[in-house]
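Asker: this one's structure only:
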Ligand SMILES: *[C@@H]1O[C@H](CO)[C@@H](O)[C@H](O)[C@H]1NC(C)=O
Ligand SMILES: *[C@@H]1O[C@H](CO)[C@@H](O)[C@H](O)[C@H]1NC(C)=O
């Protein structure tokens with residue numbers, strides 16, 4: 001859930017401990033996540049653009065403040081290409097939860113800081129060879145429901161809570177269209193974590209806004225949340241999703257054919273969403289997604305033993321019984337992705353590295369110690385898929401710990 005903690009491009013090592021602490025803090029206490037001041041970074045820092053004009057359309061953050069994005073303009077051969085990337089950061093599922101969130105940068109643009117661009121955002125050709133000169137938009141997340149809700153609530157203290165993710169999505173895209181997105185020659189919608197889920201939910205809507213001749217694709221990073229029971233046998237993530245879906249009224253964006261057969265909550269899971277997507281898409285996810293291990297398989301609510309607590313913080317400390325449970329997570333992911341097996345224009349990259357969100361960091365996106373599958377980094381695989389440089393880009397890693405390219409320095 002940590003797209004904010006973009007890595008400094010230099011001096012990663014001395015910084016990595018502080019960074020891991022931040023990441024850890026963001027997982028333990030996702031609501032307290034504010035942008036860390038990573039002052040040593042050398043990447044660009046596009047300023048926040050506030051969408052004040054969106055207020056009249058009711059497109060507002062949880063606290064009623066205007067939504068925001070960061071934009072780095074494209075140049076050279078990339079001037080007419082657009083990457084629109086949706087920030088992640090979990091969800092809020094109750095009034096109390098959302099009230100807390102509105103007092104953070106994930107619920108109010110008054111509290112947001114601009115984030116350093118790195119990895120897939122980087123304007124440096126050496127670490128982002130396919131997209132460095134595109135227009136790159138980082139759409140900030142402040143609704144708490146994957147840019148998909150449309151409702152209103154009331155705080156305990158009587159002030160309003162706005163659940164307007166869907167209106168934010170509309171307002172941001174409309175605004176970007178006016179700024180040149182409507183003339184895009186190539187476009188890619190992406191996002192990580194809850195932004196990766198949003199990417200899947202909005203994929204066809206995004207592509208429908210362009211002429212058929214324009215290549216438009218969607219790329220979800222760490223957004224493939226599994227409908228999986230936790231170690232105590234509870235459908236923990238399902239119950240969270242159930243609250244989000246109803247509190248924030250997200251049904252409008254859910255696939256109709258799914259809604260005809262299942263409960264809205266079931267249709268908020270990527271395993272269902274992907275079945276209806278018509279646009280070419282790419283799914284990047286670890287089979288041992290660190291966030292899913294910590295929050296879906298072994299949430300605190302599942303009363304994990306001490307040895308589970310150790311294991312979920314560091315996969316190297318898991319015993320063989322625990323590793324078996326983790327293999328189960330990977331298996332569910334692989335099984336769910338059988339739905340795209342026959343879709344030639346889809347891509348998948350399922351590595352076995354203990355990580356979550358692998359696009360916004362140079363170390364995982366494209367570096368000498370990036371995870372590789374078929375000897376390709378994530379950046380190479382995604383580029384090959386987007387530009388059709390390889391026939392089919394579908395890579396599934398072997399079970400943990402077989403992949404020697406999984407660095408322990410990856411943010412988890
Ligand atoms: C739920 O969202 C839809 C679509 O935006 C809207 O038309 C409807 O009024 C919303 N329902 C409630 C109860 O807010
Ligand atoms: C793997 O890729 C690297 C560069 O991306 C190349 O130098 C190396 O030869 C490749 N190894 C194999 C076994 O193909």
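Answerer: Arrived safely, thanks for sending. Remember, predicted model here, so these are calculated numbers, not experimental data. Ligands and ions are numbered 1, 2, ... in the order given.
Asker: For the stretch 1-150 of the chain, which residue gets nearest to ligand 1?
Answerer: Ranking the residues of the stretch 1-150 of the chain by distance to ligand 1 (Cβ to the nearest ligand atom) places residue 150 first, at 3.5 Å. All C-beta spots, glycine's among them, are computed from the backbone N, C-alpha and C.
Asker: Okay, the closest residue to that residue other than its chain neighbours and ligand 1: tell me how far apart.
Answerer: Computed as Cβ to Cβ, 6 or more residues apart in numbering, the closest residue to residue 150 that is not its neighbour in sequence is residue 166, at 4.6 Å. Distance, residue 166 to ligand 1, using Cβ to the nearest ligand atom, to the nearest Å: 6 Å.
Asker: Next, the contact list for residue 166, please.
Answerer: Contacts for residue 166 (Cβ atoms under 8 Å, 6 or more residues apart in numbering) come out as 147, 148, 149, 150, 250, 252, 253.
Asker: So which of the residues you listed belong to helices?
Answerer: Counting by DSSP state H, no part of the contacts of residue 166 is found in helices.
Asker: so which of these comes closest to residue 263?
Answerer: residue 250 (12.4 Å; Cβ to Cβ).
Asker: any idea how far the closest one lies from residue 352?
Answerer: Applying Cβ to Cβ, to the nearest Å, the value for residue 250 to residue 352 is 31 Å.
Asker: The two: which is more packed in?
Answerer: A count of neighbours by other Cβ atoms under 10 Å puts residue 250 above the other of residue 250 and residue 352, at 27 against 24.
Asker: Check the gap between that one and residue 176 for me.
Answerer: 22 Å.
Asker: ok, back up a step: narrow the contacts of residue 166 to just the buried residues.
Answerer: For these, a neighbour count by 16 or more other Cβ atoms under 10 Å gives the buried set as 147, 148, 149, 150, 250, 253.
Asker: Dump these into CSV; add pLDDT as well.
Answerer: Below are the buried ones among the contacts of residue 166 laid out as CSV (pLDDT from 0 to 100):
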residue, pLDDT
147, 98
148, 98
149, 98
150, 98
250, 98
253, 98
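Asker: would you turn those residues into a markdown table with distance to residue 312?
Answerer: Listed next are those as a markdown table, based on distance: Cβ to Cβ, whole Å:
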| residue | distance to residue 312 |
| --- | --- |
| 147 | 28 |
| 148 | 28 |
| 149 | 29 |
| 150 | 35 |
| 250 | 28 |
| 253 | 31 |
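Asker: Give me the residue ranges of the chain where confidence is low.
Answerer: 1-42 (pLDDT under 70).
Asker: What residues does it have near ligand 1?
Answerer: Neighbours of ligand 1 within the chain, by Cβ under 6 Å from any ligand atom: 150, 151, 166, 249, 252.
Asker: roughly how far out does stretch 60-73 sit from the chain middle?
Answerer: Stretch 60-73 has its average C-alpha position 17 Å from the chain's average C-alpha position, going by Cα atoms, centre = their mean, to the nearest Å.
Asker: in it, what counts as buried?
Answerer: 60-72.
Asker: Which of those fall within helices?
Answerer: Per DSSP H, those never map to helices.
Asker: Looking at the residues you listed, which are in strands?
Answerer: 68, 69, 70, 71, 72 (DSSP state E).
Asker: looking at it, the third one is touching residue 50, isn't it?
Answerer: No - the pair residue 70 and residue 50 fails to qualify as a contact (Cβ atoms under 8 Å) at a distance of 10.9 Å.
Asker: which other helices and strands contact the helix or strand residue 197 falls within?
Answerer: Assigned by DSSP states H and E, residue 197 falls within helix 194-207. Judged by 3 or more Cβ pairs under 8 Å, 6 or more residues apart in numbering; DSSP states H and E, the packing partners of helix 194-207 are strand 81-86, helix 165-178, strand 186-192, strand 216-221, helix 270-276.
Asker: Can you give me every residue that contacts residue 210?
Answerer: 184, 187, 216.
Asker: Next up, phi/psi of the first one, please.
Answerer: In this case it means residue 184. The phi/psi pair for residue 184 (degrees, to the nearest 10) reads phi -60, psi 140.
Asker: now it: how far from residue 400?
Answerer: Applying Cβ to Cβ to residue 184 and residue 400 gives a distance of 39 Å.
Asker: and if you look at the last one?
Answerer: Per Cβ to Cβ, residue 216 is found 34 Å from residue 400.
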